[in-house]
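Visitor: no sequence for this one, just the structure:
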C-alpha cells in the first residue's frame, strides 16, 4: 500500500520474516485497522487465527475490522521472549443483530481453510484422488486396489517340455478343478494351495500363469512390495484387500511371488509389520474372514526352507511341486524362442541342448544374448553383417556356468539333513538321479 507508514512497512517485513509470530502479526493488524485499512487487518487477523485458533485478541480484532468500526482498542504491546503472554479464556463472540456472518465467511474464505469438510473432500482439496473402497475404508468405490489380469490364453501346452511337472500338476491340482461332478461327489472344495519351489529362473511364474489359463481364471500377482507398509496395521489391511479383491473376481488365481519374503519365518523376523502380515495371510488362507471358494492360491519360492512352517500346513499351501531346470525338450523350445527374431544360420539345436544341461531359462536367454553380441561385434569390425551361428552359441555356452549350481549346493544340505516329513523327497530323488549326493 502506497500510503502505509514507515512503522507499518517495517512490521510487514518483520512478519514476513517470522510468519508464525502471532503477537507481532496482531500488532500489525491493529495498526492497519487504526490506519483505516480494514481489509488488510482482516487478512492479518485471519492468518493469526490459523496459527492460534483460540486466540481471543485475534477474534476481537477481526470482528472490529469486519464490522468497519475503527473504535480504539487496547494497544497490543510488543512481546519479547521474557514477557509471559496471558491467554484469556476462550469465549464465543457476542451476538450482533443484523450482522452478515455469511458475507464475513466469504471475505476470509480464501485465507482461513475450513475446519471440517465433507467425506472425501479433504484429500481432493490437497490434490489427491483417493476414491473409497466399497467398505468405506480406502481406495476406490468398487474398484480393486490391486491389478487383476483377465483370463488369458496361456496354457500348459505353451510351456516347452517339463512333462513330469505338467503331469503332476494335472493329477494333484488341475483335474479336480476341471471336473465339477467328481469334485462334488468326493467333497472336494473349489479352492486349493500349491507351492512351486526350485532354482531361480526356471519358469515358476510362467507356469503359474499357465495354470490360471487352464482354469480360465483371473490372475493376480502379489509380492512383498505390494503388501508391506511403514504404517502400523496397513500391511495386514493390504493382505486382506488382496483376498477381498480375489473373492470378488473369482475364479481367480492369487500368485504369491517370492513367498520367502512375504511369508518369512516369524521366529526370524525382526519387523513387527512383517510378522503381522504373515499372521493375516494365515487368516486369509483359512478363509476365516471370507469364503475362498473359487480362489486358487499359488506361491513360488527359491528357498522353501525359509517359509513359515504354518503356511504349509493342511488346508493352506499344503501341496508342493519342485520346478527343476528345463529338460531337453524345454531347452530346445526356449532356445528357439530367443533366436527366432535374430539373424541366424545353420544352428545345430541338438548340440546346443546337449551342452546346456542344468541351464535355467534365464541362463539360456543370456546365452543367446552373448552369442548375438559376438556376431554384432564381428559385423561392426568388418563392416559386413555376419549371421549368428552354432560356433557363437557354443562359445557362449562354454563361458557361462549354470546359475542353478549354487542353488543345488544349498538345497542338497537341506534335503539331506532337514527333510522333515519327506518334504523334500522329490529333491532328493533328483539329486540321486544326477549323482549329486
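Guide: Alright, I've got the coordinates. Values in this document were obtained by computation on a predicted structure and should not be read as measured data.

Visitor: pull the longest helix from the chain.
Guide: helix 361-382 (DSSP state H).

Visitor: mind checking the backbone torsions on residue 348?
Guide: Phi and psi for residue 348, reported as degrees, to the nearest 10, are phi -90, psi 90.

Visitor: Make residue 1 into 40 and carry on from there
Guide: In the new count, where the first residue is 40, that last one comes out as residue 387.

Visitor: list the contacts for it?
Guide: Going by Cβ atoms under 8 Å, 6 or more residues apart in numbering, residue 387 touches residue 429. The way it works is simple: take the backbone N, C-alpha and C, and place the C-beta from them, glycine included.

Visitor: What are the structural domain limits within this protein?
Guide: 45-116+135-147, 195-361, 367-440 (automatic domain parsing).

Visitor: Distance across the last one, terminal residue to terminal residue?
Guide: Put plainly, it is domain 367-440. For domain 367-440, the first-to-last residue distance is 17 Å (Cα to Cα, to the nearest Å).

Visitor: hang on, the earlier thing: only the buried residues of the helix or strand following the longest helix of the chain, if you could.
Guide: Going down the chain from helix 400-421, the next helix or strand is helix 429-438, by DSSP states H and E. Residues of helix 429-438 classed as buried by neighbour count (16 or more other Cβ atoms under 10 Å): 429, 431-433, 435-436.

Visitor: Who are the packing partners of helix 429-438?
Guide: In this structure, helix 429-438 makes packing contacts with helix 388-394, helix 400-421, judged by 3 or more Cβ pairs under 8 Å, 6 or more residues apart in numbering; DSSP states H and E.

Visitor: Quick one: closest of those to residue 69.
Guide: Closest of the helices and strands packed on helix 429-438 to residue 69 is helix 400-421, at 74.2 Å (criterion: Cβ to Cβ).

Visitor: Helix, strand, or coil at residue 87?
Guide: At residue 87 the chain is in helix, as set by DSSP: H, G, I helix; E, B strand; the rest coil.

Visitor: Residue 395 touches residue 436, doesn't it?
Guide: Yes: between residue 395 and residue 436 there is a contact under Cβ atoms under 8 Å: 5.8 Å.

Visitor: Buried residues of the longest helix of the chain, list them for me.
Guide: 400-407, 409-411, 413-414.

Visitor: still on that earlier bit, residues shared between the contacts of residue 395 and residue 436?
Guide: residue 406.

Visitor: Tabulate the helices and strands packed on helix 429-438 in JSON lines, adding columns for distance to residue 47.
Guide: Output for these, formatted as JSON lines (distance: least, Cβ to Cβ, whole Å):
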{"stretch": "helix 388-394", "distance to residue 47": "87"}
{"stretch": "helix 400-421", "distance to residue 47": "73"}
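
Visitor: Using TSV, lay out those helices together with mean pLDDT.
Guide: Output for those, formatted as TSV (pLDDT from 0 to 100):
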stretch	mean pLDDT
helix 388-394	95
helix 400-421	94
